[in-house]
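S.K.: Sequence first, then the predicted structure, then my questions.
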Amino acid sequence: SQQGEEDPQALSIQEGENATMNCSYKTSINNLQWYRQNSGRGLVHLILIRSNEREKHSGRLRVTLDTSKKSSSLLITASRAADTASYFCATNFGNEKLTFGTGTRLTIIP
Amino acid sequence: NAGVTQTPKFQVLKTGQSMTLQCAQDMNHNSMYWYRQDPGMGLRLIYYSASEGTTDKGEVPNGYNVSRLNKREFSLRLESAAPSQTSVYFCASSDRDRGDNQPQHFGDGTRLSIL
């Protein structure tokens, strides 16, 4: 069963705008990770946030985690055409395994 | 700088045929994983291996077998392919020795169609 659910399922924005996608999960986690998947390629790790962290930044990416609401958000600022991809959240429960959500398909319109 | 390499990239099989999907990583990682990705379903774990010589079932293991041949290689076998196994298969690895908070590194997938 899917642990994480991303929202929205699809998002189209103009280049230069900010993109926000959300992830909700069901049980307590050790960490939450975000991955990007370009069409026809494998997943690429973007950022990891631990359960005791509330916010993390990496370049144009900002991730927040609210463990009381069991939710996370990924913000991509100043979007570029190259950001067009599917984005997945994945939750870790303290073992080696990840449980992936169903993904958000982001399209950046030039 | 190969990372995780999967072969083949594409394969078409007939129902009942068998095949093995190959995966190799050059990052000296202990943990390796096999996932399948279906439209609208995200990734689902088939099997994983915490170290050489050990394997364990994931969420959807039925119809599959795995072999952790050595630290580098982790293969996935379909003994009698069924149309329901049409999917994109991804192999991944992670550095378990550094703790639980480690990312997974993915190959580019094998696109498998069962007719």
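M.R.: In hand now; what should we look at?
S.K.: Show me what the one helix or strand in chain A whose mean pLDDT sits lowest is packed up against.
M.R.: Across the helices and strands of chain A, mean pLDDT, DSSP states H and E gives its lowest value to strand A:5-7, namely a mean of 86. With contacts taken as 3 or more CB pairs under 8 Å, 6 or more residues apart in numbering or on different chains; DSSP states H and E, strand A:5-7 sits against strand A:19-24, strand A:85-92. Glycine gets a C-beta too; all of them are placed from N, C-alpha and C.
S.K.: Could you identify which of these is most buried?
M.R.: strand A:85-92 (a mean of 24; mean count of other CB atoms under 10 Å in any protein chain shown).
S.K.: Starting from that one, tell me which strands it pairs with and how they run.
M.R.: strand A:31-37 (antiparallel), strand A:98-100 (antiparallel), strand A:104-109 (antiparallel) (DSSP bridges).
S.K.: chain center to it, what's the gap?
M.R.: Offset of strand A:85-92 from its chain centre (CA atoms, centre = their mean, to the nearest Å): 5 Å.
S.K.: my guess is A:L98 meets B:Q104, correct?
M.R.: Yes: applying CB atoms under 8 Å, one finds A:L98 in contact with B:Q104, separated by 6.3 Å.
S.K.: which residues does the closest residue to A:D83 other than its chain neighbours bridge with?
M.R.: Using CB to CB, 6 or more residues apart in numbering or on different chains and skipping the chain neighbours, the partner closest in space to A:D83 is A:I108 (5.2 Å). Note on A:I108: beta-bridge partners A:I13, judged by DSSP bridges.
S.K.: Same check on B:S75?
M.R.: Beta-bridge partners, per DSSP bridges, of B:S75: B:S67.
S.K.: Over to A:R62?
M.R.: Bridge pairing for A:R62 - DSSP bridges - gives A:H57, A:L75.
S.K.: Any residues of chain A in contact with chain B? List them.
M.R.: A:1-2, A:4, A:30-31, A:33, A:40-45, A:48, A:50, A:88, A:92, A:94-103 (CB under 8 Å from any CB of the partner chain).
S.K.: Just the buried ones from those?
M.R.: A:2, A:4, A:31, A:33, A:42-43, A:45, A:48, A:88, A:92, A:96-103 (16 or more other CB atoms under 10 Å in any protein chain shown).
S.K.: quick one, what contacts A:Q14?
M.R.: A:Q14 makes contact with A:S79, A:I108, A:I109, according to CB atoms under 8 Å, 6 or more residues apart in numbering or on different chains.
S.K.: Kindly indicate which of those residues lies nearest chain B.
M.R.: A:I108 (21.7 Å; CB to the nearest CB).
S.K.: Low-confidence bits of chain B, can you list those?
M.R.: Applying pLDDT under 70 to chain B picks out residues B:1, B:100.
S.K.: Could you show which parts of it are in contact with chain A?
M.R.: So chain B meets chain A at B:4, B:31, B:33, B:35, B:40-45, B:48, B:50, B:58-59, B:90, B:92, B:94, B:96, B:100-101, B:103-109 (CB under 8 Å from any CB).
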